[in-house]
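Novice: The following comprises the amino acid sequence and a computationally predicted model.
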Amino acid sequence: MSDQRQRQVDAIRRHIGEVENDLVDELVAGRIDRREFLRRGSVLGLSLSSLGVLAGCAAPNVTRVSPPQTKPPKAGGTIRTGIVAPAAALDPIMISDEGGLAVLGQSAQYLVWSDKNLTLRPVLAESWTHDHTGRVWTFKIRRGVSFSDGTPMTAEDVAATFNRLSDPKVGSNALSNFDGVLSKGNTKAIDPYTAQFTLDAPNGNFPYLVSSDNYNSVVLPKNYDGGWDKTFLGTGPWKLESFTPNQGVSYGRNPRYWGQPTVAERSEVTFYAEEQAQTLGILGNQVDVVAHYSVSGGRALITNPDVRTTQFRSSSHRQIHMRTDKEPFADKRVRQAMALLLDRRALVNGLLATKSDYGNDSPFAPVFQSTNQSVRQRQLNVAMAKQLLEAAGKGAGFSTQLLTLTHFELPDLAQVVQNDVSVAGINLKLSILDPGSYYGSSKFGTSPWLDSTMGITDYGHRGVPNLLLTAPLSSKGPWNAAHFRNPQYDQLVAHYVAALDLGAQRAAAGKIQELLLDETPVMFPYFYYFLTGARLNVSGVETTAMGHVDLSRAGFA
Amino acid sequence: MTRFIAKRLGLGLITLWLLSVLVFFGTQVLPGDVARRILGPFASPSAVNALNKQLGTDKSIFVQYLNWITGLFHGDLGTSVATRTSVSSIVFPALWHSAKLAILAFIIVVPLGILGGVVAALYEGRFRDRLISVGGLSATTVPEFVWSVVFILVFALWLGILPSTATAPPGSGFLTQIEYLVLPALCLVFVLFGYIARMARAGTIESLEADYTRTAVIKGLPYRTVVRRHVLRNSLLPTIAVVATQAGYLIGGLVAIELVFNYQGIGQVLYRAAIQKDFPVLQSAVLIVGVVYLVATLLADLAYSLLNPRIRFESSS
């Protein structure tokens, strides 16, 4: 490193906090790579320029991979995108589905954008900092931004947005994310361009909750009172031209947009009720982009020479829960045996056409930065599984029901699991319900999902594992279908959530991963990739594993 | 005749009322909670309760039925709980879309089916008869979604001469709209041709063997005139009944075709409403399909009575 660069680094390090300096030390020692440094640094609020300089401290042997070269798109034209049809009214506060959030993100924006690598990028927030406890987070709001109707956006709009989302009376879909984290009234506008969040408890990953990962959190005017689908009001690059419910939306450039104008002149988004029709749509040149497709519904696109597939890791996964308070799974050795009988390699290669990471029976997906990679990967081991069953008094096998729902590859997964465990004499009787019947009221006692002895449930992507660690696994978790109650686990999760520095997060993660491997209340067979399809003449499409599709830089070669 | 129509209309109204009761209470037994369905399984209970209150779905089903039926009498189909827009703004455009597809399919398949049936009857037992009868029946037995995929693969993906979707871009002209509807209409032609042709064939054979046909031939009328004036008129009676019952299917039963072609017809509206537990839309759409069935069968009865004087006289007496 040159003397001048060293002086720059030293100057920055004098002005940043202890947690941030620890992160730089991790980078210098080679315990994290540049990508991990950039990702964590962005969460802590280090500016892009500081991150750029500090990243130069990385060990020289770090491999740098150049991104694939694609021709920059030409300005103009209409980009046509197919998305899954929004399931409900286009109300930013209530939206709970991929189609809805994809539409929301065209004309409305977040304080922060969580990209496909889970690195946070400033959007309506220019920068952010936290106090030494991680309980108070302060965001500097971008100046010169206005909504598409011309109203200027200020910190008051930001405060109103988050107080609305955290108000139980409003009933926003973001409430489950803010539960125990942010209460109504605790977001304040300090001045027109500074918003401050005082959390219920310290949280080292809080910026993700004001990012695109918490997809309801687009900034709306302080006086917003519904009717978004009439205006599509927001600060984003696109402005509504026309909207036909259940059919699609047309957009033009937003003349008041604070950033660079969109590359394409117009954007048309078509809604598809079925994935098969969406696949046929791009193959038949009716759309240029398919924002998201699954292996089960869009296998034809993976190898099609006219379609370029972009893939990246996500934390989307399936959970196979086993009731820890009920026979036959009350003994943890039986649960361990079940997990050892699962042929994950065959699942990933066959069911998911290799478009997936292996799961290791905890919510810590390989994509998460805090996942402790030193924890051993659970492998197929039939002999050990049989020994464990024998020791638990179930050497002759047993019968139970496996419940799941008609959703993407879930029925196929249920069949594979049924087949895998049959080698140990375990007979799983499959029961496959429609989603409404499976989830029921989503309350204990009246929900087949939460009451079943064994079941398979779909979980979407999250930028950080916090919610996945608490809701389905903690003792008081509202989605704890395994009825897993372990005080030690609850304590470890509390430590993890409060940890500000990456080292502490990884240490807590390792202990949680080991504990879950031992207890195995839930099997996590895989974390599947997010797939986007675009015709070969299209470039500049950016998607996130949450289901956002940014078309502002998209255009034709 | 007026009495006949009045009687049919009265019965139709009773049927529709029974249908409204059945549909309303039938949809209530569908599993799951409306707000839970909208917000997803992972939404917090307080969010679910708040939304149910906003939507009015926390009230008793009798109150909800009363509100719905009162609205219907005032011409208000209600508000969709899923999209929060008026039900009429969802259902009527979809009905128009379905009607366009049904009309195009009818324009192609009815003359084709009748012609096929008559030709098969005239060549009964010979190659042309077997080709039409067996071919038509085989085409009918293949599910419509299979035809949809096959036609899209051949005409849209391989040959690239027709679009893979049925929804024309906004502002498209008449001919463009037809171009987009050709493939789904062709699927329907393949599905319906066999039915219509078989009915027309059976009716024609029966008429050809009837005494009045023999008399007409014996008295020296040219064979074409016999077929046109005596055989066709009588042979069409059973065909009309088949065509009328297919009208309801074409308007409300094309779920698979509409999904594959991404076409916003009544079938897709019904499917989405059932999935989303959007009861106001589901109930109104089913009721509208019921009205279509009733109107179609009423028109068929009228046509039947016009072609068959016996029906006319029986109903008058």
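Specialist: Cool, got the structure. Numbering: from 1, shown residues only, chains lettered A, B, ... in the order given.
Novice: Enumerate the residues of the stretch 51-200 of chain B near chain A.
Specialist: By the criterion of Cβ under 8 Å from any Cβ of the partner chain, the positions of the stretch 51-200 of chain B lying close to chain A are B:51, B:54, B:80, B:82-85, B:89-90, B:149, B:152, B:156-157, B:160, B:163-165, B:167, B:170. The way it works is simple: take the backbone N, C-alpha and C, and place the C-beta from them, glycine included.
Novice: so which strand or helix has the closest residue to B:L298 other than its chain neighbours?
Specialist: Of all residues beyond its chain neighbours, the one nearest B:L298 is B:R8 (5.4 Å), with distances taken as Cβ to Cβ, 6 or more residues apart in numbering or on different chains. Secondary-structure element containing B:R8, defined by DSSP states H and E: helix B:2-28.
Novice: Buried residues in that helix, which are they?
Specialist: Going by neighbour count (16 or more other Cβ atoms under 10 Å in any protein chain shown), the buried part of helix B:2-28 is B:4, B:8, B:12, B:16, B:19-20, B:23-24, B:27.
Novice: which one of the residues you listed is nearest chain A?
Specialist: Proximity of the buried residues of helix B:2-28 to chain A was ranked by Cβ to the nearest Cβ; the top entry is B:T27 with 11.8 Å.
Novice: what sits up against the helix or strand hosting A:L101?
Specialist: Here A:L101, judged by DSSP H and E, is contained in helix A:98-107. The contact list for helix A:98-107 (Cβ atoms under 8 Å, 6 or more residues apart in numbering or on different chains) reads A:83-88, A:90, A:92, A:95, A:148, A:212, A:215, A:218, A:232-234, A:236-240, A:249, A:251, A:254, A:267, A:269, A:271, A:291-292, A:460, A:546-551.
Novice: now the helix or strand that it is followed by: how far from the chain's centre is it?
Specialist: Helices and strands here follow DSSP H and E; after helix A:98-107, the next one along the chain is strand A:112-114. Averaging C-alpha positions (Cα atoms, centre = their mean, to the nearest Å) puts strand A:112-114 11 Å from its chain's average.
Novice: Next: stretch A:391-399.
Specialist: For stretch A:391-399, the separation from the chain centroid amounts to 38 Å (computed by Cα atoms, centre = their mean).
Novice: OK, contacts around A:N203?
Specialist: A:134-135, A:181, A:209, A:466, A:497-498.
Novice: got any ranges where the stretch 451-557 of chain A has weak pLDDT?
Specialist: For the stretch 451-557 of chain A, no stretch is flagged by pLDDT under 70.
Novice: any chance you could map the strands in it?
Specialist: Secondary structure of the stretch 451-557 of chain A (DSSP state E, counting those that start in this stretch): strands at A:454-459, A:522-523, A:526-528, A:530-535, A:538-539, A:542-543, A:549-550, A:555-556.
Novice: Quick one, which of the ones you listed gets closest to chain B.
Specialist: strand A:454-459 (8.2 Å).
Novice: any idea which helix or strand of chain B has the worst average confidence?
Specialist: Within chain B, judged by mean pLDDT, DSSP states H and E, the helix or strand with the poorest mean is helix B:309-316; its value is a mean of 61.
Novice: quick one: which of the contacts of helix A:98-107 sit in strands?
Specialist: In this view, the contacts of helix A:98-107 that belong to strands under DSSP state E are A:83-84, A:238-240, A:249, A:251, A:267, A:269, A:271, A:291-292, A:549-550.
Novice: Tell me the one among these nearest to chain B.
Specialist: Using Cβ to the nearest Cβ as the measure, the one of the ones in strands among the contacts of helix A:98-107 that approaches chain B most closely is A:F271, at 8.1 Å.
Novice: For the closest one, grab the count of nearby residues.
Specialist: 22 (other Cβ atoms under 10 Å in any protein chain shown).
Novice: and A:I320, how far is that from A:G460?
Specialist: Applying Cβ to Cβ, to the nearest Å, one obtains 16 Å for the distance of A:I320 from A:G460.
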